[in-house]
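**Q** Any chance you can model this:
(chains A and B)
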Amino acid sequence: MDVFLQQLLNGLTLGGIYSLVALGLTLVYGILHVPNFAHGAFYMVGAFVALKLMAVWGFNYWLAMLGAAALVAVIAALSERLVFHPLRHASGLHPMIAAIGLLLFLEAGAQALWGADFQRMNTPYTGIVMFAGVTAPVQRLLIIAGAFTLMLVLHLFLTRTVTGSTIVAMAQNRDGASLVGIDANRVAMLTFAISGVLAAVAATLYAPINLVYPAMGNLVITKAFVIIILGGMGSVPGAIVGGLIIGFAESFGAFYLSTDYKDIIAFVLLVVILSLRPQGLFTQGAR
Amino acid sequence: MMFLRLFEGRLGWGLLLLAGLLFPLIVGNDYHLTVMSTAYIFAIATLGLNLITGYTGQFNLAHSGFMALGAYTLGILTVDHQVPFWIAFALSGVVTVALGLPLGWVSLRLRGHYFSIFTLCVGYILFLVIEKWEGLTHGTVGIIGIPAPAAIGPLTFDTPLKLYYLVLAFLVLGVWVMRRIVNSLMGRTFMAIRNGDELAQALGINLMRNKLVAFLLSVLYAGWSGALYAGFVRFLGPDLASAAHSFDMTMYMLVGGLGTLLGPLLGALMVPWLTQYMQFLQEYRFLIFGPLLILLVIFMPHGIVGSWLGWRARRQSVAAKPVAPTVTAAKPEVRRA
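**A** Below you'll find the predicted structure:
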């Protein structure tokens, strides 16, 4: 039972991180219908910026997270303006290739600036909480609390504020949104900025129990894609539920099946589900 | 104008072949031969990627995974099971297609972005399996000591020069077969699917079957180019399957021109030479190529060959109708080179 609870905790941690990354991806897809392959690079840049802010500038953990979020938001908004905006009328293939170009650029840039080595991010929260026979590192609890708080804030933002509603409106119907006077360009940039913030926060939360290196985003982003395909692209609840499913599948799979193959579990799950239901788990429409 | 048009038919291809044949005489050093041969090998794979992506409109991001599949089949068969090289070579194509069939069938049920994302995941699975399944693939250590291509009758392949001609022969064969495919009814069917699959379906085209055929042909190109790669480099690591190589090939394809025959070839030969000259950048080459890729997509989405064909089509339409220069021919509908 202890082992089960332990894996449940791990699953929640992983799921929280995956959900945050997938949420950014799904929001952007909802607005622009572009699978942003560069999203993993945003995640990676977020981790590096936070790491450097702490190590070089002596920021504390939370300030570093804020700094990383702000910087990545700017990078994301800029990339919308410079890369995706000019391509908004192009065929489906070209924005994808542009996203790959952006990904390659950011990765090479990170490598040039910060080196290809694996780096460790220190966290001020190194304690361990013992509860009902489960050992929970504080950082993991922090991840869970942070991730779910952010999801709640995002949910409130999207449903309770006018600015948030413009994003939802754009995702529902671009032309309709323009007709009622919503500035499509502003909303697109805002959405990218939000996705950048989510990626940077997720990265800063997760980095202390993982490593920081230029290719760190690749695995996370492919899993985030799995999640939003499962949850339906553009669907916010789908991203959260999908993230948790993958998180649990991985933590239980790693324990009960094999640690070596734990990274494959998400993809195998995807292949199996899509073989049975090509339209995803939570969507009705055909694609 | 007439002069240039002459180059587009057989003559142009003949001249390219001649250049390929004479290339070793011009450079004369083994290093350049090796660079060129590697470029040829990737050009073969890029030709295949272009068939599914450029002609059929399905952006497959698992292509390097299939290349690695072919390479590993050859490596494992020759090193661990002492299968003769050319038999293993043939089998590597068989294995790639045999695995491509179920994978293609599952992935091609998805459309557009979903297909690309799904194949990205498939590529990742292939990479992880190759990396983790140590019993079969030697894991991260890789396969060492793959034999060079065995002699065919009196032809031996023991020097870089002979290997160069072997690879060139395969490339010529690959281009020739691809030209036949693209100009056949089947090729037209693929293009119809690219231009709009609902319309294609309305014309009575079986979407799934044709997409699957295109996928398998493209995967076969990848598998055999991978097998050539294994025989040429004689060392294999899981790195070959990484998405980075798919991205590289995408870049070759885009630089030259998506959905043209010459384009991917041109890109696959040009870009590696550019990187050679920027060797100080080796690690950071994407600092330049990343933005270049974006600029190309924005300002020159049809690549070098595609833009040239589009320009020519415009010229012709203006020449044909000097009074009312409608721009209907601006879109390079017939993208043949």
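**Q** Grab the nearest non-local neighbour of the residue of chain A found nearest chain B.
**A** Evaluated by Cβ to the nearest Cβ, chain A has residue A:105 as its residue closest to chain B, separated by 2.8 Å. Bear in mind the C-beta positions are built from the backbone N, C-alpha and C, glycine included. Spatially, and ignoring its direct neighbours in sequence, residue A:105 is nearest to residue B:290 (2.8 Å; Cβ to Cβ, 6 or more residues apart in numbering or on different chains).
**Q** Quick one: residues contacting that neighbour.
**A** Residue B:290 makes contact with A:101, A:102, A:103, A:104, A:105, A:106, A:108 under the criterion Cβ atoms under 8 Å, 6 or more residues apart in numbering or on different chains.
**Q** what does residue B:273 give?
**A** Listed by Cβ under 8 Å, 6+ apart, the contact set of residue B:273 reads B:35, B:39.
**Q** I'd like to know how far it sits from chain A.
**A** Distance from residue B:273 to chain A, counting by Cβ to the nearest Cβ, to the nearest Å: 19 Å.
**Q** Identify each buried residue in the helix or strand harbouring that residue, please.
**A** Assigning secondary structure by DSSP states H and E places residue B:273 in helix B:262-277. Taking 16 or more other Cβ atoms under 10 Å in any protein chain shown as the neighbour-count basis, helix B:262-277 is seen to contain the buried residues B:262, B:263, B:264, B:265, B:266, B:267, B:268, B:269, B:271, B:272, B:275.
**Q** which residues of the stretch 201-337 of chain B fall in strands?
**A** B:235-236 (DSSP state E, counting those that start in this stretch).
**Q** So which other helices or strands are in contact with the helix or strand hosting residue B:115?
**A** Taking DSSP H and E as the definition, residue B:115 sits inside helix B:112-132. Under the contact criterion of 3 or more Cβ pairs under 8 Å, 6 or more residues apart in numbering or on different chains; DSSP states H and E, helix B:112-132 touches helix A:216-231, helix A:262-276, helix B:63-81, helix B:85-107, helix B:134-137, helix B:243-256.
**Q** how does it look with 6 Å?
**A** On a contact count with 3 or more Cβ pairs under 6 Å, 6 or more residues apart in numbering or on different chains; DSSP states H and E, helix B:112-132 meets helix A:216-231, helix A:262-276, helix B:85-107.
**Q** and those, which is most packed in?
**A** Stretch with highest mean neighbour count among those: helix A:216-231 (a mean of 26; mean count of other Cβ atoms under 10 Å in any protein chain shown).
**Q** what's the angle from it to helix B:112-132?
**A** Angle, helix A:216-231 to helix B:112-132, by axes from the mean of the first three to the mean of the last three Cα atoms, to 10 degrees: 130 degrees.
**Q** Past helix A:216-231, which element shows up next along the chain?
**A** Of the helices and strands lying after helix A:216-231 in sequence (DSSP H and E), the nearest is helix A:236-256.
**Q** buried ones in that next one?
**A** Buried-residue list, helix A:236-256, by 16+ other Cβ under 10 Å: A:236, A:238-255.
**Q** So which of the helices and strands packed on helix B:112-132 is nearest residue B:128?
**A** helix A:262-276 (5.1 Å; Cβ to Cβ).
**Q** Tell me the gap between the closest one and the middle of its chain.
**A** Put simply, helix A:262-276 sits 19 Å off its chain's centre (Cα atoms, centre = their mean, to the nearest Å).
**Q** would you list every one of the helices in chain A?
**A** A:2-32, A:39-55, A:61-79, A:93-114, A:138-160, A:162-172, A:174-179, A:184-206, A:216-231, A:236-256, A:262-276 (DSSP state H).
**Q** Low-confidence regions, the stretch 101-250 of chain A specifically.
**A** A:132-133 (pLDDT under 70).
**Q** Out of the helices and strands packed on helix B:112-132, flag the one nearest residue A:126.
**A** Per Cβ to Cβ, nearest to residue A:126 of the helices and strands packed on helix B:112-132: helix A:216-231, 21.2 Å.
**Q** now the angle between helix B:85-107 and the helix holding residue B:115, please.
**A** Here the directions of helix B:112-132 and helix B:85-107 differ by 140 degrees (the same axes, to 10 degrees).
**Q** Which residues outside helix B:112-132 are in contact with it?
**A** For helix B:112-132, the external contacting residues (Cβ atoms under 6 Å, 6 or more residues apart in numbering or on different chains) are A:35, A:92, A:96, A:222, A:225, A:260, A:263-264, A:267, A:270, A:287, B:58-62, B:65, B:103, B:107, B:110, B:137, B:238, B:241-243.
**Q** Which residues of the stretch 1-150 of chain B lie near chain A?
**A** Within reach of chain A by Cβ under 6 Å from any Cβ of the partner chain, the stretch 1-150 of chain B has these residues: B:59, B:106, B:109, B:111-114, B:116-117, B:121, B:124-125, B:128, B:132.
**Q** and if we set it to 8 Å?
**A** Within the stretch 1-150 of chain B, the positions adjacent to chain A are B:53, B:57, B:59, B:106, B:109-114, B:116-118, B:120-122, B:124-125, B:128-129, B:132 by Cβ under 8 Å from any Cβ of the partner chain.
**Q** Please list only the buried members of those residues.
**A** Neighbour counting with 16+ other Cβ under 10 Å marks B:53, B:57, B:59, B:106, B:109-114, B:116-118, B:120-122, B:124-125, B:128-129, B:132 as buried within these.
**Q** For residue 77, which residues are in contact?
**A** All of this is about chain A. Taking Cβ under 8 Å, 6+ apart as the criterion, residue A:77 is in contact with A:189, A:190, A:192, A:193, A:196.
**Q** ah, no, chain B please
**A** So residue B:77 contacts B:83, B:87, B:88, B:91, B:92 (Cβ under 8 Å, 6+ apart).
**Q** And it, what's its pLDDT?
**A** Note on residue B:77: pLDDT of 90.
**Q** same deal with residue B:112?
**A** 78.
**Q** Okay, it and residue A:238: tell me how far apart.
**A** Here the criterion is Cβ to Cβ, to the nearest Å. By it, residue B:112 lies 18 Å from residue A:238.
**Q** The closest residue to residue B:303 other than its chain neighbours: neighbouring residues, count only.
**A** If the residues on either side of it in the chain are set aside, residue B:303 comes closest to residue B:257, at 3.1 Å by Cβ to Cβ, 6+ apart. By other Cβ atoms under 10 Å in any protein chain shown, the residues close to residue B:257 number 30.
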